[in-house]
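> This is the structure alone, sequence omitted:
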């Protein structure tokens, strides 16, 4: 399901509360849901696995730097 604003971010296996989602949306380009949010210092590294509470169900997620998709615009 779609990741919603305010969803809580947890350590794997529903452990410690690490942060919250500020915005989320399905990405047609990636074929999956993407979201941005705030996360506790020390858990912010690229590739870190976390779980997000989406409508009372924990879903696996991986921290990824932005942009999620490389831009292809001309830079000059």
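All right, it came through fine. This is a predicted model, so every value here is computed, not measured.

> can you tell me the helix or strand for the residue nearest in space to the middle of the chain?
Geometric centre of the chain, nearest residue: residue 35, 4.4 Å, by C-alpha atoms, centre = their mean. In the assignment (DSSP states H and E), residue 35 maps to strand 32-39.

> List the neighbouring strands of that strand plus their orientation.
Partner strands for strand 32-39, per DSSP bridges, with pairing direction: strand 17-27 (antiparallel).

> what residues does the partner strand touch?
2-11, 32-40, 43, 50, 52, 68-69 (C-beta atoms under 8 Å, 6 or more residues apart in numbering). The C-beta positions use only the backbone N, C-alpha and C, and glycine is treated the same way.

> change it to 6 Å
3, 5, 7-11, 33-40, 43 (C-beta atoms under 6 Å, 6 or more residues apart in numbering).

> Would you mark the buried spots in it?
18, 19, 21, 24 (16 or more other C-beta atoms under 10 Å).

> what's the farthest-apart pair in those?
The largest separation in these, counting by C-beta to C-beta, is between 18 and 24 at 15.7 Å.
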